[in-house]
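Chemist: Build me a model:
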Amino acid sequence: MLNDLFNLTGQTAVVTGAGRGIGEGIAKVLAAAGASVICAARRVDEIQRVAAEINAAGGSAKACATDVTDLDSVNQLAKFACDETGGLHMWVNNAGGSPVQKPLHLLDKEEWDRTLALNLTAVWHCTRVAAETMDEGRILNISSLAAEDVIPGSGHYSAAKAGVNMLTKTFAQELGPRIRVNCIMPGAVPTEIMMQALNLKDEDLPKLESMLRLPAGRLGKPEDLGAAALFLLAPASAWITGQNIRVSGGP
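Modeler: From the prediction side, this is the model:
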């Protein structure tokens, strides 16, 4: 009974942005729980590596080159998942980020448009396609603490992620009970895009960890987010939908 709560055997999960960082962590945890994982991203070499590592560890994964800002590409991703595995049961909207740090009044319109296209509009597109493809299922969005907390220089990213939080609540209402929709807001996980956005190097991380003084005592790891994703996609969370949950090592 306990094992069944976290068993994803026989089910297919699409994970966007699966070539590195949090997406890679989620893909590997879901595969370890028995899911067939479709690793999607623009960088083909990265998703092929992740899929190969999952398969070498005894899991099941395939790579599908995808640009989540292109609706045709997203439709092809859903078709690929169904053609390769026979169905679609879970979709993780993880692709996103912005490497640009700039006050809103100095931000170029082009960067504003790029950030919303990748971090908000793409989540809407992907969720619509997933909902059309699934009979029943679960959708998980990856947002950010920036959706709720002011981070100077990241207002464009914060606005997009705040929108993702509201998409989560609205889609949960409109798609339930056929499809559950939840959202994780990660805290400080030193992924490539976070390091780039904050202009950090590896040697800066101990100082960041000390400054944040997280109750959990450390910065996050991709597998921490993978574990939270597993809970929200597994039968264990069958009565949870429409929630934006902070996974941050603290408040």
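Chemist: got any ranges where the stretch 151-251 of the chain has weak pLDDT?
Modeler: Residue ranges of the stretch 151-251 of the chain with pLDDT under 70: 197-198.
Chemist: if we go to 50?
Modeler: Using pLDDT under 50 as the threshold, the predicted model of the stretch 151-251 of the chain has no low-confidence range.
Chemist: Strands of the stretch 1-150 of the chain, start to end?
Modeler: 12-16, 36-41, 60-65, 90-93, 137-142 (DSSP state E, counting those that start in this stretch).
Chemist: Could you pull up the mean pLDDT of the last one?
Modeler: Within the predicted structure, the mean pLDDT of strand 137-142 is 98.
Chemist: from the middle of its chain, how far away would it be?
Modeler: Using Cα atoms, centre = their mean, to the nearest Å, we find the averaged C-alpha position of strand 137-142 to lie 8 Å away from the chain's own average C-alpha position.
Chemist: Next, the angle from that strand to strand 12-16.
Modeler: On the basis of axes from the mean of the first three to the mean of the last three Cα atoms, to 10 degrees, strand 137-142 is oriented at 20 degrees to strand 12-16.
Chemist: tell me which residues in strand 137-142 are buried?
Modeler: The neighbour-count criterion (16 or more other Cβ atoms under 10 Å) identifies 137-142 as the buried residues of strand 137-142. From N, CA and C alone the C-beta is placed, and that goes for glycine too.
Chemist: any idea how far Gln11 lies from Arg43?
Modeler: 26 Å (Cβ to Cβ, to the nearest Å).
Chemist: and those two? which has more neighbours close in?
Modeler: With neighbours defined as other Cβ atoms under 10 Å, Gln11 and Arg43 compare such that Gln11 has more, 21 against 12.
Chemist: Tell me which stretches of the stretch 151-251 of the chain form strands.
Modeler: 179-186, 244-247.
Chemist: Same list (these) but as TSV, adding distance to Glu132 and mean neighbour count.
Modeler: Formatted as TSV, the entries for the strands of the stretch 151-251 of the chain read as follows, by distance: least, Cβ to Cβ, whole Å; neighbours: other Cβ atoms under 10 Å:
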stretch	distance to Glu132	mean neighbour count
strand 179-186	11	24
strand 244-247	24	18
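Chemist: Tabulate those (JSON lines), appending distance to Gly17.
Modeler: Output for the strands of the stretch 151-251 of the chain, formatted as JSON lines (distance: least, Cβ to Cβ, whole Å):
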{"stretch": "strand 179-186", "distance to Gly17": "12"}
{"stretch": "strand 244-247", "distance to Gly17": "16"}
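Chemist: and of those strands, who's closest to Ala229?
Modeler: Each of these was scored for nearness to Ala229 using Cβ to Cβ, and the closest is strand 179-186 (6.5 Å).
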